[in-house]
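Q: The following comprises the amino acid sequence and a computationally predicted model.
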Amino acid sequence: MDPRAVEEVEARVVRAHGVEAADLLVNWLNECLYVMEVEGFLARRVEITTASLKRAEAGGEPLRLHGLLHGEELDHVRHASVRTLTGFSRQGASVRQDDKGYEATAKTCVQSCK
């Protein structure tokens with residue numbers, strides 16, 4: 001589906017936490033998927049409001065990523081080509097940092113996520 005078909009009418013808050021950056025990425029993506037699948041909300045734009053990506057010391061706070069999904073409620077007529085994802089798993093997920101920022105990669109689950 002073309003993201004331009006989604007209007008920015010409202011926003012939803014999404015929060016995720018993780019022990020490692022790849023865990024955080026997978027948790028974040030699954031929370032976004034929950035908003036789409038369960039709440040019926042499509043996002044056109046993502047705004048990151050809090051990102052704590054440094055590894056926590058023993059007993060410290062977990063990594064966290066908080067943000068806003070800007071979009072609208074799913075309209076089955078206007079958004080007829082929306083595909084259903086099954087989720088994201090830790091396998092194949094990675095987060096790399098370089099001098100330009102971060103690069104994140106994740107794969108969707110084809111059958112079941114473990």
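A: Noted; the coordinates are in hand. Quantities reported herein were computed from a predicted structural model and do not represent experimental measurements. Numbers count the residues shown, from 1 in each chain.
Q: In a helix, Leu25, correct?
A: Yes - membership of Leu25 in a helix is supported by DSSP: H, G, I helix; E, B strand; the rest coil.
Q: Is it correct that it is in contact with Tyr102?
A: No - at 9.4 Å, Leu25 does not count as touching Tyr102 under the criterion of Cβ atoms under 8 Å. For every residue, glycine as well, the C-beta is placed using N, CA and C.
Q: Check which helices and strands the lowest-mean-pLDDT helix or strand in the chain sits against.
A: Scoring the helices and strands of the chain by mean pLDDT, DSSP states H and E places strand 101-105 at the bottom, with a mean of 85. In terms of contacts (3 or more Cβ pairs under 8 Å, 6 or more residues apart in numbering; DSSP states H and E), strand 101-105 is packed against strand 94-98.
Q: Now do Lys114, the pLDDT please.
A: Lys114 is assigned a pLDDT of 42 by the prediction.
Q: what does Gly40 give?
A: At Gly40, pLDDT is 90.
Q: Spit out the contact partners of the closest residue to it other than its chain neighbours.
A: The shortest distance from Gly40 to any non-neighbouring residue, by Cβ to Cβ, 6 or more residues apart in numbering, is to Leu74 (4.3 Å). Taking Cβ atoms under 8 Å, 6 or more residues apart in numbering as the contact definition, Leu74 lies against 36, 40-42, 82.
Q: from those, which single one is nearest Gly92?
A: Gly92 lies nearest to Met36 out of those, by Cβ to Cβ, at 20.7 Å.
Q: how about the closest one, secondary structure?
A: Applying three-state DSSP: Met36 is helix.
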